[in-house]
Every structure is written in structure tokens, then in C-alpha cells.
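Asks: Below is the structure, and that's it, no one-letter string:
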């Protein structure tokens, strides 16, 4: 059974027979809406709004037409007013036109409405003249906490406006670093209604159903789109928590907080017995382990089991590490900059959590249902509607493939790493041979992969990816290199292509009469393929490790590094060796893909499967050049997206 954030209680009285129905053929099926209905009647904490799950959702419960259903989804959260209205009011003896603007709503189907409204507002209102703003995010502890950076940016944009936050989770708001001016508690049944339409605020932003209706968009980015605000960088999106209201927990030992509550999701709830092993490991490391959830083990003090909200925040504020599910406590830990190890299945923590430093995601990305909670909007469940994903295939979302040793490994890595952890790229950090993914740490030379000596790209013949499209590959990635060589050398100039793969560039130079060229590459399969494909350069290419200084020889007039410097474990050392092998006026042609490290997207396909040992930005690659004794003679951006550098001795 799938349950979407129903409650955090370990045992719930439910008459499961009331949830069974039969279709027209007499086949039984389970309707989760009847579970929710029973729980709502008993007022269990964290219940879903009735309009989401009740079987008698009148508008669609008898409609089996898929097109009609898809069209209906587009109407969820419909704004009550689509056009602004104007009213003449007598204020201080003067007639003033008072405008009321429609609510900007979360459902992506209404983005054109939002954009049109915001455009009209920008043409009509000065930001400093806006006096009041309403923001609504109904429920979800983490969902509401992630409104904090939105409040901050709205205050920066509308400097004279008071902001009211409408929410069913007001407890978390007092911990906001940037607080709204007021908070109004609403029922959690207001998730789909334009509740703000009757409010008096000048601008009204309803953030409900924003990320839910957008695939592959982070929570904060979805909120920002509704509010028409922009962040400067990734750090600007981080949640800030006000610690002045927090009383820390006294403990002789360092504190580790563990919370395995998965909000009722099978795909978020790792077995309690597994958590016991992790807790025993943490205790063995000298930690006082505190469990704050409603699904604790028997390995910790009962004092904090199922504790109240403020006590939980105090525990997290006092902690040196958090281990658990992608849940509300994890979001609070991130806001407090507490290092985290997250056991992830149904959720995509990369999208839920903007603070990507000092956090490990342990996950099975090969599971068909991995991340399913954030990969769909809404569905039919029998005769009802639900935000709960289908669970007919692997409702565990890969959690069963995550062993305690994997999480323990992640804990050890996080606690023992001297460098500041930056982010964990798509996948498990401990099963690199099975599941793609690597952790990266900040250094003076950009981000460096956790294992600098592991080369996933050497396990395959890389030439297979472009051997059938050599001309296109040359046009896209090697034209700049070829043009530089032919414009800055003679046909007897000594040229070496480092990381030559199968020798595409050298073959083209050979056909143009260049006689003193050579190429080296660590990939044996690619060199073998090149010798077969281009027999004319068979003697010019060989398997060599560029980390060995002898590989460069001497008196080189041009050394080529095409998309290589980020894929070697000692870029400074390799460039120092290359520098030493240059003739007095020799040049290095180096192409590298640069990233905005402050805003890097770990789902960026350019990062591939981790063959990028270093991830450079403009500043960090400059430090590499300086350390290697090289200066930039020329720099240009290539059409391929790479940056080309012409380097010479300093």
C-alpha cells in the first residue's frame, strides 16, 4: 500500500476490509482513499486533505476517460479570479484606484496566467509601493521550511511590504531566519483551493502544487517560479534557521540524531533493524544517539522518542550528524548545516534539498521506482484521485538494495573527511561498480572526486561512442585544435596529443602532411581500435600514462590536452611535466569544460559517470595553471561548450 504523508504514528487503527472493492468483472482492488477517509475522521496528525483522496470526489469519480482526467488535473488549484479588478476608494479626501490582482497559483498549467499577471503588475506597480503580500504553503514540514528563502527574496524585492504566511504547519515558522511579518494558521484541507482570493493583500502567491506539478524541478526553484524571483546562486537558495529560539541539548558525548520516519511511505521507510546496526556503529564511535521519530529502535533512550516539535529542533541543533530518511527533520538539519546521511528511495533529495554540502545520499538509482514521489503529479487510484504514486512495481523504491554497511560506510566517509564535502553525484557512494555516483570535495583546484585514482572510463572502449560519427565528432570538438595547430606550426613540428583516444586528430594531421606527431592514451582498447582504424598512424599512438613524466619526451612545440585535464588525478603535476617538455617557445592547447561550482547541477549529463576527477571553474583552473608555471596566452569559448586555453611558460 502507498501512503502519502498520512502520519508519523507507529500503529493506526484501520478497518482494511472497508478499503476493498470489486470492479465490473468482479476482480478485487484496494482503494487507498478509504484508508485516508478513516484516518481523517479520527483526526490523525499529518492527514491529507479530503479533496485529494476521497472516493466521492464528484468531478472525476465516474470519469474513466484518460483525456478528461488529464484535462481535469490541469484545473487543480484554479485561481478564482483570472483578471485584475479596480475599485475607486475615497482615502483622506482623495479618490484612489485600488487594484486587486489575481492569485499566482502553483499548478504549472497556470504559468501563463502567472506570467501575464506579473507582467501587468510590473507595468503598473512599483515594487516599493507594494504594501502587503500573502504566501500560502499549506502542509509538509519540509515543504513549509523551504518557503524561508522565498520569504527572504520577496523582502528584498518588495522592501516596504508586510508578508503573511498562510500554512497548516505554523510551528516551524518561528525558526525561519527570514520570518514573515505574520502567520495565519489554515486547515490542511485548503491545499487545492484559492484560499488567498478573499484576502486583502496586494500580491498573493499560492505555492501549493508547485513542485508537485513539475517534474525534475527542485522545490525551491518551483516556488521561485511562482513568485517571479531569482536566486544569485545555489547558496542563495539555502534555508536559514534562527537559532535564538533553540535551546540546545546538554550531553557529555557528541550527539547524533537518527530519524527513520518515512512519512508513511514504503519507499522512504528503511527497516528498523537496519537502523539498529547503524546506531550501534555510531554508539561505537562515541556518539550519544538520539531518535526523535515515532518509529524508533530499542537501541536508544526513550526520552526523545516521538518528542514534541521544539525538542526535536533542539536535538537537531545540538547534533554533529543526522542519519535518516528524506523527511522534515532532515530539512531542519540542512537548515542548521548539520552533516547528513540520507537513505533515499521514493524521494529525490537532490530536488528537495538545496543545501548540497556535507550530505551523502545513499540510494539505488537502478530501481524502477527510485524517486517516483517527484516524477509524477497525480493519478487515478480505482475511483479516487491521489498524489500517491502507483506501487505495483517495487513500492520499496530500491530501499531493499541498501544494506546497513552502505550507510555505515557513508557515515564513516562523512565523519572522517578532512576536506569540505560539496555534493554526491547521482547514486550510491559505496557501490560505484554497480551504481553510478561519486562524492566530490572542495579544494583549491575546484571540486575533486572522493577517489582520485578510480577510472570508470577505462573499463570500456571509449571510441565506440563516436567511431560511427568521426566527422561529426571532429567538427564538434577538434576543429579548434586543428585550426590552432595548422596556423601555429610547420609540418615537421613536434606535436603530441595527450589523451588521443583512437587518434582522430592525429589521423587528420597525417593526411595534411604532418610528419612529427604522436599520441598517448591510457585506454588500451581505444589505442587498439585506432591502430586498426588508422594504420597510417599505427606507429604514432601508444598506451601511456600521462602522469609519468617520461611520457612527454622533450622539445615539444605543441602539446594538446583535449577534454583531459579534468580526468587525471594530478593535473598540476601533469602540466608541470608538460611544461618541462616544451621547447622554449612551445605552446599547450588545452580544452576544458568549466562549471559554475556555486550552482552546479549534479544531474548535469556533462558530469557523466564520474570520469571527471576534478570539476573546475574559471578561478580554480587558473590556480592549476599558475601552480604548473604556465600563463594564459589566449582564451576562447568554443562552440562545443568547452573553453580553449593557449598556454606558454611563465
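Replies: On my side now, so go ahead. Remember, it's a predicted structure, so these values are computed and weren't measured experimentally.

Asks: Of all residues in the protein, which one is nearest the centre?
Replies: Nearest to the geometric centre of the chain sits residue 350, at 2.7 Å (CA atoms, centre = their mean).

Asks: Pretty sure that residue sits against residue 361.
Replies: Yes: in terms of CB atoms under 8 Å, residue 350 counts as a neighbour of residue 361; the distance is 7.1 Å. For the C-beta atoms, the positions are set from N, CA and C on the backbone; glycine is no exception.

Asks: those helices in the stretch 201-350 of the chain, which residues are they?
Replies: Counting by DSSP state H, counting those that start in this stretch, the stretch 201-350 of the chain has helices at residues 219-227, 272-284, 309-318, 328-335, 349-352.

Asks: Could you list every helix and strand in contact with the last one?
Replies: For helix 349-352, the contact count by 3 or more CB pairs under 8 Å, 6 or more residues apart in numbering; DSSP states H and E identifies strand 359-363 as packing neighbours.

Asks: List the pairing partners of the strand it packs on within its sheet, with orientation.
Replies: Strand 359-363 sits in its sheet next to strand 340-344 (parallel), going by DSSP bridges.

Asks: Name the residues that touch the partner strand?
Replies: Identification of contacts with strand 340-344 by CB atoms under 8 Å, 6 or more residues apart in numbering yields 270, 321-326, 330, 333-334, 349, 358-363, 371, 399, 402, 407, 410-411, 414.

Asks: Okay, angle between it and helix 272-284 too, please.
Replies: Angle of strand 340-344 versus helix 272-284, following axes from the mean of the first three to the mean of the last three CA atoms, to 10 degrees, is 170 degrees.

Asks: just the angle between strand 340-344 and helix 328-335, please?
Replies: Using the same axes, to 10 degrees: strand 340-344 against helix 328-335 is 140 degrees.

Asks: which ones are touching residue 626?
Replies: By CB under 8 Å, 6+ apart, residue 626 lies in contact with residue 650.

Asks: and the gap between it and residue 620?
Replies: Residue 626 is 11 Å from residue 620, where distance means CB to CB, to the nearest Å.

Asks: Same check on residue 627?
Replies: The value you get for residue 627 to residue 620, if CB to CB is used, is 11 Å.

Asks: Next secondary structure after the helix or strand bottoming out on mean pLDDT in the chain?
Replies: The weakest-scoring helix or strand in the chain, judged by mean pLDDT, DSSP states H and E, is helix 50-53 (a mean of 40). For helix 50-53, the following helix or strand on the C-terminal side (DSSP states H and E) is helix 66-73.

Asks: tell me which residues of that following helix are tucked away?
Replies: 72, 73 (16 or more other CB atoms under 10 Å).

Asks: avg pLDDT for it?
Replies: Mean per-residue pLDDT for helix 66-73: 72.

Asks: 593 is where my numbering starts, stick with that
Replies: Will do, 593 is the new start, and the previous item becomes helix 658-665.

Asks: so how far is that helix from its chain's centroid?
Replies: Centroid separation for helix 658-665 versus its chain: 30 Å, with CA atoms, centre = their mean, to the nearest Å.

Asks: for stretch 999-1009, same thing?
Replies: 20 Å.

Asks: For that stretch, buried residues please.
Replies: Buried-residue list, stretch 999-1009, by 16+ other CB under 10 Å: 999, 1000, 1001, 1002, 1003, 1005, 1006, 1007.

Asks: Enumerate every residue touching residue 821.
Replies: 742, 745, 746, 749.

Asks: Out of those residues, grab the one that's most surrounded.
Replies: residue 742 (25 neighbours; other CB atoms under 10 Å).

Asks: Grab the nearest non-local neighbour of that one.
Replies: residue 815 (4.9 Å; CB to CB, 6 or more residues apart in numbering).

Asks: What is the neighbour count of that neighbour?
Replies: Neighbour tally, residue 815, other CB under 10 Å: 25.

Asks: how about the closest residue to residue 1161 other than its chain neighbours, secondary structure?
Replies: Ranked by CB to CB, 6+ apart and with sequence neighbours excluded, the top spatial neighbour of residue 1161 is residue 1044, at 3.8 Å. Assigned state for residue 1044: coil (three-state reduction, DSSP: H, G, I helix; E, B strand; the rest coil).

Asks: Look at the residue of the chain positioned farthest from its centre and report its pLDDT.
Replies: Within the chain, the residue lying farthest from the chain centre (CA atoms, centre = their mean) is residue 685, at 54.4 Å. Among the per-residue scores, residue 685 holds a pLDDT of 73.

Asks: Residue 911 too?
Replies: Looking at residue 911, its pLDDT reads 97.

Asks: tell me the domain ranges of this protein?
Replies: Following automatic domain parsing, the chain resolves into domains at 608-665, 677-829, 838-1035, 1051-1241.

Asks: what's the most buried one of the ones you listed?
Replies: Greatest average neighbour count among these goes to domain 838-1035 (a mean of 21), per mean count of other CB atoms under 10 Å.

Asks: distance between the ends of that domain?
Replies: One end of domain 838-1035 sits 33 Å from the other (CA to CA, to the nearest Å).

Asks: can I assume residue 786 is in contact with residue 674?
Replies: No: the criterion here is CB under 8 Å, and residue 786 misses it with residue 674 at 10.7 Å.

Asks: check contacts around the spatially closest residue to residue 839 that is not a sequence neighbour.
Replies: Spatial nearest neighbour of residue 839, chain neighbours left out: residue 906 (5.4 Å); criterion: CB to CB, 6+ apart. Taking CB under 8 Å, 6+ apart, we find residue 906 in contact with 838, 839, 840, 841.

Asks: Let me see the ranges of the strands in the stretch 893-1042 of the chain.
Replies: Per DSSP state E, counting those that start in this stretch, the stretch 893-1042 of the chain carries strands over the ranges 911-916, 932-936, 951-955, 971-973, 976-978, 1013-1017, 1030-1035, 1038-1041.

Asks: Show the average pLDDT along the fifth one.
Replies: Averaging pLDDT along strand 976-978 yields 63.

Asks: do the last one as well
Replies: In this model, strand 1038-1041 has an average pLDDT of 87.

Asks: How far off centre is the following helix or strand past that strand?
Replies: Where DSSP H and E defines the elements, the next helix or strand beyond strand 1038-1041 is helix 1062-1065. On the basis of CA atoms, centre = their mean, helix 1062-1065 sits 33 Å off its chain's mean C-alpha point.

Asks: next helix or strand past helix 1062-1065?
Replies: Per DSSP H and E, helix 1062-1065 leads on to helix 1071-1079 as the next helix or strand towards the C-terminus.

Asks: Mind giving me the packing neighbours of that next one?
Replies: Applying 3+ CB pairs under 8 Å, 6+ apart, we find helix 1071-1079 packed against helix 1096-1103, strand 1148-1154, strand 1174-1184, strand 1235-1241.

Asks: Mean confidence (pLDDT) on that helix, please.
Replies: Averaging pLDDT along helix 1071-1079 yields 95.

Asks: tell me the pLDDT at the residue lying closest to residue 909 once chain neighbours are set aside?
Replies: Leaving out its chain neighbours, the residue that sits closest to residue 909 by CB to CB, 6+ apart is residue 838, at 4.7 Å. Residue 838 carries a pLDDT value of 94.

Asks: Hmm, residue 838 is touching residue 767, no?
Replies: Yes: using CB under 8 Å, residue 838 is in contact with residue 767, at 7.3 Å.
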